[in-house]
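Asks: below are the sequence and a predicted model for it; my questions follow.
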Amino acid sequence: MDPVQDVLVLRDVLIPGGRVCDLTLADGKVTHLGSSGSADRICKCSDLMVLPAGVDMHVHMRDGSQAYKEDWESGTKSALAGGVTVVVDQPNTIPQITTPELLADRVALAGEHSFCHFGINAGVTPEADLTGMAKGGAMAFGETFAGPSSYGEALSRTDLHSALTRIEELDGLATLHAEMVREGDDTSLPAHDRLRSISGERAAVQMIMELAPPDLRLHFCHISAADTVSDIRSTGNATIEVTPHHLFLSLESFQSENSYGKVNPSLRTEKERKRLWGCWEQIDVVASDHAPHTVSEKSSSFEKAPSGIPGVGTMIPLLMTEVIKGRISLADVIYKTSVNPARILGILPAGYEPGMRADFALYPKEGTPIHADEIFSKAGWTPYEGQIGVFPELVLMSGEVAFDNGTCIRTDPRWMQGRGYIP
Ligand code: DOR
Ligand code: ZN
């Protein structure tokens, strides 16, 4: 199959709302909605669910000295295979992204190896050149560590205050890792949950809300509990992100000392997991916090094992399984994985209307078992092994075929800057 297409038509697409029509894609965008004219390629969609492709606004693509965990090629192939065509990379790399030069290096590395569109966030540390990185095209600021995590040190209250003030002056988007961590022996999942508790998450959110200038655009990453969602909703208009692992996994999913379930913020009890689903309507974004670590790292003692769970390739497939079961709507998946993250980041959204970005993922109406060796990530494991995911058959990026029945094709991945889309 020729990966370079001039005009591609998606035939008989069911648009949410009930209309069935053709979509014509050219020059990276949707050009026509209705019956189609001539085309270089036609994809028949009557048996498929056609979704605007995902924007995963929280991934850790590693690479460099951590390429043994993941690199841009493996991580973004995993994204495409899971219906995601835009990833936003977090700056807690080694070294951290704290200057315009380091940001430019990261952009160059991704530009050379990424298979999908990408944005790069600016690191927020006391020494970081926030202004330089904003001018250099950073997508957003953070994740800003209000609590310590793997490859991230917590900012002091004073440093956090001055960073948030500066980000507001730059009209930037501040993304926050909100945790307050207690001292103690981190020897099991229940201990990890106690040290990184829901009350610590709520206290960190409270502190951030107090420190943040009123006009700052705030986005809370990976919120893990229903009470925290309510706190954020009742005190301001910050946006709320949750992860697939807090929606689909709980402490009860693992044996107590199994570090494959070790992640920050911690997994919660099954009861709390269900309560988080109870706030589904109030959640703006589902993002993966794709944090790949290898099997050998995760197999070391609980205390030593790094925190993090891979998930960019399984996030939308797991949500699509819930759609097929009738538990959530297709529109919810589209909003929380594509429309809302694009709006929050200020990038052109993918969608069905003329002028929108022509990124689509085409899903069958039934799922298949998830297998780590089929989802491209170098991590080599997934906590969802054997569970059912609905994976896309075809993924289009800027109107070109970027994933076709298990094969990734490198087309024309673009760097997307903050508050703007580079056509
Ligand atoms: O569990 C986590 N792992 N949480 C984070 O905030 C960072 C991430 C990582 O980079 O491994
Ligand atoms: Zn985080």
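Replies: Thanks, I have the structure now. Because the structure is a prediction, the values reported are computed rather than measured. Residues are numbered from 1 along each chain as shown. Ligands and ions are numbered 1, 2, ... in the order given.

Asks: what bridges to L51?
Replies: A361 (DSSP bridges).

Asks: contacting residues for it?
Replies: Contact analysis of L51 by Cβ atoms under 8 Å, 6 or more residues apart in numbering lists G83, I316, L330, V333, I334, S338, F360, A361, L362, Y363. Where you see a C-beta, it was placed from the backbone N, CA and C, and this is true even at glycine.

Asks: out of those residues, which sit inside strands?
Replies: Residues of these located in strands (DSSP state E): F360, A361, L362, Y363.

Asks: so which of these is the closest to G123?
Replies: A361 (30.6 Å; Cβ to Cβ).

Asks: can you pull the phi/psi pair for the residue of the chain found nearest ligand 2?
Replies: Nearest residue of the chain to ligand 2: H177, at 3.6 Å (Cβ to the ion). Main-chain torsions, H177, degrees, to the nearest 10: phi -100, psi 100.

Asks: give the contact list for the nearest residue to it once chain neighbours are set aside.
Replies: Nearest residue to H177, sequence neighbours excluded (Cβ to Cβ, 6 or more residues apart in numbering): E143, at 4.4 Å. Counting by Cβ under 8 Å, 6+ apart, E143 touches H58, Q90, P91, N92, N121, G152, T175, L176, H177, C221.

Asks: and if we set it to 7 Å?
Replies: For E143, the contacting residues are Q90, T175, L176, H177, C221, by Cβ atoms under 7 Å, 6 or more residues apart in numbering.

Asks: that one sits in which helix or strand?
Replies: strand 141-145 (DSSP states H and E).

Asks: can you check T31 too?
Replies: strand 29-34.

Asks: just checking, what packs against that strand?
Replies: Secondary-structure packing of strand 29-34 (3 or more Cβ pairs under 7 Å, 6 or more residues apart in numbering; DSSP states H and E): strand 20-26.

Asks: mind listing what's buried along the strand it packs on?
Replies: Residues of strand 20-26 classed as buried: C21, D22, L23, T24, L25, A26 (neighbour count, 16 or more other Cβ atoms under 10 Å).

Asks: how about the second one: what's its closest non-neighbour residue?
Replies: Translated: D22. Using Cβ to Cβ, 6+ apart, the closest residue to D22 is S36 (4.0 Å).

Asks: tell me the phi and psi of the most centrally placed residue in the chain?
Replies: Taking Cα atoms, centre = their mean, the centroid of the chain lies closest to D56, which sits 2.7 Å from it. When read as degrees, to the nearest 10, the backbone of D56 gives phi -90, psi 100.

Asks: Y384 too?
Replies: phi -100, psi 10.

Asks: report the contact partners of the closest residue to it other than its chain neighbours.
Replies: Nearest residue to Y384 in three dimensions, chain neighbours excluded: I370, at 4.7 Å (Cβ to Cβ, 6+ apart). Contacts for I370 (Cβ under 7 Å, 6+ apart) come out as T314, T382, Y384, E385, G386, Q387, G389.

Asks: strands - which of these land there?
Replies: Those of the contacts of I370 lying in strands (DSSP E): G389.

Asks: now a PyMOL select for only the buried ones of the contacts of I370.
Replies: Buried members of the contacts of I370, defined by 16+ other Cβ under 10 Å, are picked up in PyMOL with:
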select buried, resi 314+382+384+389
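
Asks: and the contacts of I370, which two are furthest apart?
Replies: Farthest pair in those, by Cβ to Cβ: T314 and G386, 11.8 Å.

Asks: show me which of the contacts of E143 are buried.
Replies: The buried subset of the contacts of E143 (16+ other Cβ under 10 Å) comprises Q90, T175, L176, H177, C221.

Asks: what about L8, which SS state?
Replies: Put simply, L8 is strand when judged by DSSP: H, G, I helix; E, B strand; the rest coil.

Asks: write out the residues of the protein neighbouring ligand 2.
Replies: E143, H177 (Cβ under 5 Å from the ion).

Asks: what about stretch 123-138, average pLDDT?
Replies: Mean per-residue pLDDT for stretch 123-138: 96.

Asks: give the buried residues for that stretch.
Replies: In stretch 123-138, counting by 16+ other Cβ under 10 Å, buried: G123, V124, T125, A128, D129, L130, G132, M133, A134, G136, G137, A138.

Asks: so among the contacts of L51, where is pLDDT lowest?
Replies: For these, the pLDDT minimum is L330, 95.

Asks: ligand 1 next: which of the contacts of I370 are close?
Replies: Near ligand 1, judged by Cβ under 6 Å from any ligand atom, there are no entries from the contacts of I370.

Asks: of all the contacts of I370, which comes closest to L8?
Replies: Of all the contacts of I370, G389 has the smallest distance to L8: 25.8 Å, by Cβ to Cβ.

Asks: dump the residue contacts of the closest one.
Replies: T314, P317, L318, T321, G367, T368, I370.

Asks: now, which of the contacts of E143 sits nearest ligand 1?
Replies: The nearest member of the contacts of E143 to ligand 1, counting by Cβ to the nearest ligand atom, is H177 at 5.2 Å.

Asks: and the closest one, bridged to which residues?
Replies: Applying DSSP bridges, one finds that H177 bridges with F145.

Asks: please tell me I have it right and it contacts Y151.
Replies: No - H177 is beyond contact range of Y151, at 11.3 Å (criterion: Cβ atoms under 7 Å).

Asks: quick one: what helix or strand has K271 in it?
Replies: helix 270-278.

Asks: does anything pack onto that helix? Which helices or strands?
Replies: The helices and strands touching helix 270-278, judged by 3+ Cβ pairs under 7 Å, 6+ apart, are helix 226-235, helix 244-248.

Asks: now with 6 Å, please.
Replies: helix 226-235 (3 or more Cβ pairs under 6 Å, 6 or more residues apart in numbering; DSSP states H and E).

Asks: could you give the angle of the helix it packs on to helix 270-278?
Replies: 30 degrees (axes from the mean of the first three to the mean of the last three Cα atoms, to 10 degrees).

Asks: buried stuff in helix 226-235?
Replies: A226, D227, T228, V229, D231, I232.

Asks: and the two most separated of those?
Replies: Largest pairwise distance in these, by Cβ to Cβ, is 11.0 Å, between A226 and I232.

Asks: pull the CA atoms of the strand holding E143 into PDB?
Replies: What follows is strand 141-145, C-alpha atoms only, in PDB (Å, rounded to 0.1, in the frame of the first residue of the first chain):
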ATOM      1  CA  PHE A 141       5.000  23.900  31.700                       C
ATOM      2  CA  GLY A 142       5.600  20.800  33.700                       C
ATOM      3  CA  GLU A 143       4.500  18.400  34.900                       C
ATOM      4  CA  THR A 144       5.500  20.700  37.800                       C
ATOM      5  CA  PHE A 145       6.400  18.500  40.700                       C
END
